[in-house]
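In: Kindly return the folded structure for what I paste below:
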Amino acid sequence: MKCTLIKDLYRKTGDYENNNVQVAGLVRTVRSSKSFGFIELNDGSFFKNLQIVFDEKLDNFEELTKLTISSSIIVEGKIVKTENAKQPFEMHAEKVQIFNLADNSYPIQKKNTSFEFLRTQAHLRPRTNTFSAVFRIRSVAAFAIHEYFQNNGYVYVNTPIITCADCEGSAEMFKLTTLDLTKPLPTTEDGKTDFSKDLFGKQAFITGSGQLHGETFAIAFNKIYTFGPTLRSENSNTKTHMNEFWMIEPEISFCDLDELMNIEEDFLKYVVKAVLDKCPEEMEFCDKFISKGLIEKLNKLLDSSFVRIDHKEAIDLLKKADRKWEFQPDYGEDLAKEHEKYITEYFNGPVFVKNWPKDIKSYYMKLNEDGKTVAAVDLEVPGAGEIMGGSQREEDYNKLFNRMKEMGIDTDPLYWYLDLRRFGSNIHSGFGLGFERLLMYITGMENIRDVIPYPRTPNSCDF
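Out: This is a model prediction of the structure:
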């Protein structure tokens, strides 16, 4: 069965005007009177629906007036231009086949339905306008990410999901085992679990980051990126945290912190522009119904030159601010959401906050000459706060080894990571970007659960 896509009807209307075509899709709405009616049809190829006009001349007219939402139909008819109407054209049906009449209990009817309720219908919510827009934008953004890196000479690397390397801290990583947890576990002489009896002969985790493995490939290929699922076990029920999400993590050899910030800015602008260019209908919907002023905000980002300040300068600015803080800014502490918001409003645009206190950052970040800070950077954007985090990696073997010891990181399992500093080390940097956080920023959605098909959060692993 060869059907014309609704997307093609919109993009190449002139080619189909006054011609007969066949379309197929799901019914979004039905309105009818005694002698004629209207069907809004969506086939998944385009955000907008096709309006189909049917009348009593059709043999199954009475059946069509009783169509239910989400029924699937196949329609043959003529494409007719509509002057001074909301839609540029419509189809005059000559034959309508009801392929599947949806049950009347279909849970998503044409009315305002909360996002919270729709999460309980995750298998059906892509059929709604909001999630049709969000997941189409997600697809285009994902392609733009690959396109950016491929166009700029990066090698795509698939880092392992199963790992014994502790990058983000084992407390945040899911433990992986084939030991039978319904029976007493094998133990060592000191009473600890004997993981030598497990499948891999040692304790294994589900990855919290592909960074360490990515660095090994960056040394060989100069520029690489990873883009895949990441899992964290933290028990956090917020609008910006999930236990399963997707991460973009490039690693670049012969790249210092300043050049890394150039790349981050260029990358973010590229992806945002790609979505604005390729998803105009979806973005107009998001601007109108999800976050008013969204397109203006994103266009402003494209026209901005991102400000760069040290963490100390950021704290100085916050301490001088004429306002009361819920969390007092401090030179040795992270920035709170209220601080991030103030900084981006103060500079009226995106801000790189760099050179952070070493005690609140990871062991692999390059120690600055002051011995107190590391060459780390967070990108803060208006309306979303921190959206990217990166750093120049420590390339000196002794400094890295000492930092790991100082922070209680077991160096034995990470001998191969240390080897990178022994065999051809170079200045190298990388950043991490949570894909869903980026999508929240681009779409204006407030809850991270609403930009991923099937959210995995504490006490929620449905579908």
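In: in the stretch 151-300 of the chain, which spans are strands?
Out: Remark: strands assigned in the stretch 151-300 of the chain by DSSP state E, counting those that start in this stretch are 155-156, 162-163, 174-176, 204-206, 223-231, 244-253.
In: Walk me through which strands the second one pairs with, and which way each runs.
Out: Note on strand 162-163: by DSSP bridges, its sheet partners are strand 204-206 (antiparallel).
In: quick one: furthest residue from the center of this structure?
Out: Distance from the C-alpha centroid of the chain peaks at residue 57, with 48.7 Å (Cα atoms, centre = their mean).
In: hang on, the earlier thing: in TSV: the strands of the stretch 151-300 of the chain, plus mean neighbour count.
Out: Placement of C-beta: from N, CA and C, glycine included. TSV is the format used below for these (neighbours: other Cβ atoms under 10 Å):
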stretch	mean neighbour count
strand 155-156	14
strand 162-163	16
strand 174-176	15
strand 204-206	19
strand 223-231	21
strand 244-253	23
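In: Quick check: which of those strands is nearest to residue 410?
Out: With Cβ to Cβ as the measure, strand 204-206 is the member of these nearest residue 410 (13.0 Å).
In: mean confidence for that closest one?
Out: What strand 204-206 shows for mean pLDDT is 89.
In: How about stretch 387-402?
Out: The pLDDT scores in stretch 387-402 average 96.
In: Using CSV, write down the CA coordinates of that stretch.
Out: This file holds the C-alpha atoms of stretch 387-402, laid out as CSV (Å, rounded to 0.1, in the frame of the first residue of the first chain):
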residue,chain,number,x,y,z
ILE,A,387,23.6,22.9,31.1
MET,A,388,27.2,21.7,30.5
GLY,A,389,30.1,20.7,32.7
GLY,A,390,33.7,20.2,31.4
SER,A,391,37.3,20.4,32.3
GLN,A,392,40.9,20.2,31.1
ARG,A,393,42.0,16.7,32.2
GLU,A,394,45.1,16.3,34.3
GLU,A,395,47.9,15.1,32.0
ASP,A,396,50.7,14.8,34.5
TYR,A,397,51.0,11.2,35.9
ASN,A,398,52.3,12.2,39.3
LYS,A,399,49.7,14.9,39.9
LEU,A,400,46.9,12.6,38.9
PHE,A,401,48.2,9.7,41.0
ASN,A,402,48.5,12.0,44.0
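In: Distance from the chain centre to it, please.
Out: Put simply, stretch 387-402 sits 26 Å off its chain's centre (Cα atoms, centre = their mean, to the nearest Å).
In: before we move on, what about stretch 317-327?
Out: That offset, for stretch 317-327, works out to 32 Å (Cα atoms, centre = their mean).
In: Identify the residues contacting residue 259.
Out: Applying Cβ atoms under 8 Å, 6 or more residues apart in numbering, we find residue 259 in contact with 252, 429.
In: actually residue 34, not the one I typed
Out: Residue 34 touches residue 56, counting by Cβ under 8 Å, 6+ apart.
In: Same list, the strands of the stretch 151-300 of the chain, but as CSV with distance to residue 462 please.
Out: Shown next, in CSV, are these (distance: least, Cβ to Cβ, whole Å):
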stretch, distance to residue 462
strand 155-156, 31
strand 162-163, 25
strand 174-176, 18
strand 204-206, 20
strand 223-231, 17
strand 244-253, 13
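In: Of all those strands, which one is nearest residue 104?
Out: strand 244-253 (34.6 Å).
In: Could you list every helix and strand in contact with that closest one?
Out: Here strand 244-253 touches helix 211-221, strand 223-231, helix 257-278, strand 428-434, helix 435-443, going by 3 or more Cβ pairs under 8 Å, 6 or more residues apart in numbering; DSSP states H and E.
In: out of these, which comes closest to residue 131?
Out: Nearest to residue 131, of all the helices and strands packed on strand 244-253, is helix 435-443, at 10.3 Å by Cβ to Cβ.
In: So which other helices or strands are in contact with that closest one?
Out: Here helix 435-443 touches helix 129-151, strand 244-253, helix 257-278, strand 385-392, going by 3+ Cβ pairs under 8 Å, 6+ apart.
In: next one: the first one to chain centre, how far?
Out: For helix 129-151, the separation from the chain centroid amounts to 9 Å (computed by Cα atoms, centre = their mean).
In: okay, the angle between it and helix 435-443?
Out: Going by axes from the mean of the first three to the mean of the last three Cα atoms, to 10 degrees, helix 129-151 is angled at 110 degrees with respect to helix 435-443.
In: For helix 129-151, C-alpha coordinates in CSV please.
Out: Only the C-alpha atoms of helix 129-151 are listed here, as CSV (Å, rounded to 0.1, in the frame of the first residue of the first chain):
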residue,chain,number,x,y,z
ASN,A,129,0.3,17.4,20.3
THR,A,130,2.8,18.2,23.1
PHE,A,131,4.7,15.0,22.9
SER,A,132,4.5,14.8,19.2
ALA,A,133,6.4,18.1,19.2
VAL,A,134,8.8,17.1,22.0
PHE,A,135,9.9,13.7,20.6
ARG,A,136,10.2,15.1,17.0
ILE,A,137,12.5,17.8,18.4
ARG,A,138,14.4,15.1,20.3
SER,A,139,15.0,13.2,17.1
VAL,A,140,16.2,16.3,15.2
ALA,A,141,18.4,17.4,18.1
ALA,A,142,20.0,13.9,18.3
PHE,A,143,20.8,14.0,14.6
ALA,A,144,22.2,17.5,14.9
ILE,A,145,24.5,16.3,17.6
HIS,A,146,25.9,13.5,15.5
GLU,A,147,26.1,15.9,12.5
TYR,A,148,28.1,18.5,14.4
PHE,A,149,30.7,16.1,15.6
GLN,A,150,30.9,14.2,12.3
ASN,A,151,31.3,17.4,10.3
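In: Give me the buried stretch members for that helix, please.
Out: Under the neighbour-count criterion of 16 or more other Cβ atoms under 10 Å, helix 129-151 has 130-138, 140-142, 144-145, 148-149 buried.
In: nearest to residue 265, of those?
Out: Nearest to residue 265 out of the buried residues of helix 129-151 is residue 148 (Cβ to Cβ; 12.2 Å).
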